[in-house]
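> give me a 3D structure for the following:
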Amino acid sequence: MIIIGVVAAVLAVGAATAWAVARTDVAGVSEPVSTESARALPTGPLQAADVQEVRFDQALRGYRMRQVDAALDRLATELADRDEEITRLRFELDDRRRQEEPQPGTHHTGGQAR
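Presented below is the predicted three-dimensional model:
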């Protein structure tokens with residue numbers, strides 16, 4: 001029984017040590033290399049082809065949620081920006097049309113007055 005307790009204690013101490021070492025930055029050691037092969041959305045304005053080419057790594061139950069969430073957040077931001085631009089341009093167009101409409105009480109004959 002003592003042997004089982006000693007083995008469990010050694011395993012627990014080893015696991016705690018491994019966890020602590022894995023989370024400690026070591027000077028002179030570069031960042032770990034990722035095994036992810038995902039193609040994220042490019043920076044800058046998005047085109048339809050950019051969205052069609054996005055790929056996510058597959059995980060145990062589907063896709064990696066972090067990658068999908070980042071792509072959806074980016075798309076939501078792009079769509080909101082475009083909606084604001086469309087709304088602004090429509091208001092500008094409506095203002096121009098109102099300015100070009102003849103005012104009530106004036107007649108526009110299209111020709112010169114004699």
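
> okay, which residue is most central for the chain?
Arg74 (2.4 Å; C-alpha atoms, centre = their mean).

> which ones are touching that residue?
Taking C-beta atoms under 8 Å, 6 or more residues apart in numbering, we find Arg74 in contact with Leu41, Leu46. C-beta coordinates here come from the backbone N, C-alpha and C atoms, glycine included.

> just give me how far the host helix or strand of Asp94 sits from the chain centre.
Using DSSP states H and E, Asp94 sits within helix 65-100. Helix 65-100 has its C-alpha centroid displaced from the chain centroid by 15 Å (C-alpha atoms, centre = their mean, to the nearest Å).

> how confident was the prediction at His107?
For His107, the model assigns a pLDDT of 61.

> quick one: end-to-end distance for stretch 50-64.
Terminal residues of stretch 50-64 lie 19 Å apart, using C-alpha to C-alpha, to the nearest Å.

> tell me the buried residues in it?
Asp50, Val54, Phe56 (16 or more other C-beta atoms under 10 Å).

> ok, those vs Glu101, which is closest?
The shortest approach to Glu101 among these belongs to Asp50, at 40.9 Å (C-beta to C-beta).

> quick one: the closest one from Glu78, how far?
Remark: distance between Asp50 and Glu78 (C-beta to C-beta, to the nearest Å) = 10 Å.

> distance of Asp69 from Asp25?
Taken as C-beta to C-beta, the span from Asp69 to Asp25 is 26 Å.

> that should have said Leu89, apologies.
In terms of C-beta to C-beta, Leu89 sits 49 Å off from Asp25.

> which one's more surrounded, those two?
It is Leu89, of Leu89 and Asp25, that has more neighbours when counted by other C-beta atoms under 10 Å, with 10 against 6.

> do you know the pLDDT at the more buried one?
pLDDT recorded at Leu89 is 96.
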